[in-house]
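Student: Attaching a predicted model along with its sequence, questions to come.
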Amino acid sequence: MMIHARAQGVTKHFGGTVALHGVDLEVRAGELVGLLGPNGAGKSTLVGLLTGSRRPSGGRVELCGGDPRDPRNRRTLGVTPQETGLPASLRVGEVVDFVRAHFPNPIAKAELLDRFGLGDLARRQTGGLSGGQKRRLAVALAFAGRPEIVFLDEPTTGLDVGARRDLWEAIRTFHADGGTVVLTSHYLEEIEALARRVVVLANGRVLADDSVESVRGLVGLRRISLTSPVPLTDLDLDGLVSVERAGDRLHLLTPDADRMVRALVERNVPFRDLEVRPTSLEEAFLTLTGKEQR
Ligand SMILES: Nc1ncnc2c1ncn2[C@@H]1O[C@H](COP(=O)(O)OP(=O)(O)OP(=O)(O)O)[C@@H](O)[C@H]1O
């Protein structure tokens, strides 16, 4: 399978700040990859390197088989950066035409506007759009040139639930038609909703590159919730990773829920309304990044 984007041992320094420490990543044609990480993890920096807007300090980056800074390798690329400066006095339709004009075979204006729910806004000046409408336009522009690969940096930031769903649908449609997608997000449900492969970045390093299920499995924690008057913290329970109290509920994280429940029963700890479930991706992610910081 063709590799659409690749980073090999990539480092990036900004003065004394090391944004990326030897990152390896391969994105194959037709993949949909989620880049997940906390603020400052290096997601935008990595996207900038792969899309040719920045140069690596060390290592190699490749886009469509060559240098991302070479226009020949960028012909099939679409990008939505995290911050988009739209010319305030231009109308939505004009901005779309302006961007379409840069491509040999752009998507029809009406189709693009329609796909991103912007049809009614075509004659509005971008300066008068709401934050969410601007965001939708910025994401739509990434698709104007009929790209084969798009990089979407936090595409749904500032969107309400409905607009986010619609945008997910547009991204899914693009992917279902064979498009390659790399998206960054803080919204873990977003990665879960769209991607099967997730790359977890923290402090400039790849902590995990696997399926959503495996990233959860990697942490392998179970969450036990129960109501109990006993705080549990002084019981010295084997395998207890953390205890959190929320109102009268206690939430425990442990790799072996069966064993933990047996230990509670053996010690005659009173409890009721016991629930056991796998940890969410969000919890897995916090555990992974917590380990890295320790
Ligand atoms: N132009 C720059 N000059 C100096 N430092 C920078 C620059 N761009 C990024 N950095 C630093 O590099 C690190 C990684 O930043 P980056 O924006 O890639 O993270 P991110 O994962 O995209 O974060 P966020 O989720 O907040 O967007 C941070 O410490 C950031 O402060």
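Tutor: It's in.
Student: Look up phi and psi at Asp266.
Tutor: If you look again at residue 266, you'll see it is Glu, not Asp. phi -60, psi -30 (degrees, to the nearest 10).
Student: count of neighbours near it?
Tutor: Close neighbours of Glu266, defined as other C-beta atoms under 10 Å, add up to 8. For every residue, glycine as well, the C-beta is placed using N, CA and C.
Student: any idea how far it lies from the ligand?
Tutor: 45 Å (C-beta to the nearest ligand atom, to the nearest Å).
Student: same deal with Ser185?
Tutor: In this view, Ser185 and the ligand are 9 Å apart by C-beta to the nearest ligand atom.
Student: Near that residue, how many residues? Count them for me, please.
Tutor: Neighbour tally, Ser185, other C-beta under 10 Å: 24.
Student: Where does the prediction get shaky in the stretch 151-294 of the chain?
Tutor: 187-188, 216-220, 280-294 (pLDDT under 70).
Student: in stretch 247-264, what counts as buried?
Tutor: Buried residues in stretch 247-264, counted by 16 or more other C-beta atoms under 10 Å: 250, 252-254, 257, 260-261, 263-264.
Student: from these, which ones fall inside helices?
Tutor: 257, 260-261, 263-264 (DSSP state H).
Student: Just to be sure, Ala140 is in a helix?
Tutor: Yes - if the criterion is DSSP: H, G, I helix; E, B strand; the rest coil, then Ala140 is within a helix.
Student: Give the full set of residues in contact with it.
Tutor: Listed by C-beta atoms under 8 Å, 6 or more residues apart in numbering, the contact set of Ala140 reads 96, 112-113, 115-116, 118.
Student: from the residues you listed, which is closest to Ala202?
Tutor: The shortest approach to Ala202 among the contacts of Ala140 belongs to Phe116, at 31.4 Å (C-beta to C-beta).
Student: What's the local residue count around the closest one?
Tutor: Phe116 has 23 nearby residues by other C-beta under 10 Å.
Student: do the same with Leu46
Tutor: Other residues lying near Leu46 total 31 when counted by other C-beta under 10 Å.
Student: how far away is Val215 from Ala195?
Tutor: According to C-beta to C-beta, to the nearest Å, Val215 and Ala195 sit 11 Å apart.
Student: any idea which of the buried residues of stretch 247-264 is the one closest to the ligand?
Tutor: The ligand lies nearest to Leu253 out of the buried residues of stretch 247-264, by C-beta to the nearest ligand atom, at 24.7 Å.
Student: which residues touch that closest one?
Tutor: Applying C-beta under 8 Å, 6+ apart, the residues contacting Leu253 are 221-224, 240-242, 279, 283, 287.
Student: make it 6 Å
Tutor: 221, 223, 241-242 (C-beta atoms under 6 Å, 6 or more residues apart in numbering).
Student: which one of the residues you listed is nearest Leu167?
Tutor: Arg223 (30.1 Å).
Student: Which helix or strand lies directly C-terminal to the one helix or strand the closest one maps to?
Tutor: Assigned by DSSP states H and E, Arg223 belongs to strand 222-227. Remark: after strand 222-227, the chain's next helix or strand is strand 242-246, criterion DSSP H and E.
Student: List the buried residues of that following strand.
Tutor: Neighbour-count burial for strand 242-246, counted by 16+ other C-beta under 10 Å, picks out Val243.
Student: still on that earlier bit, going by distance to Gly65, which of the buried residues of stretch 247-264 wins?
Tutor: Using C-beta to C-beta, Leu253 comes nearest to Gly65 of the buried residues of stretch 247-264, at 44.2 Å.
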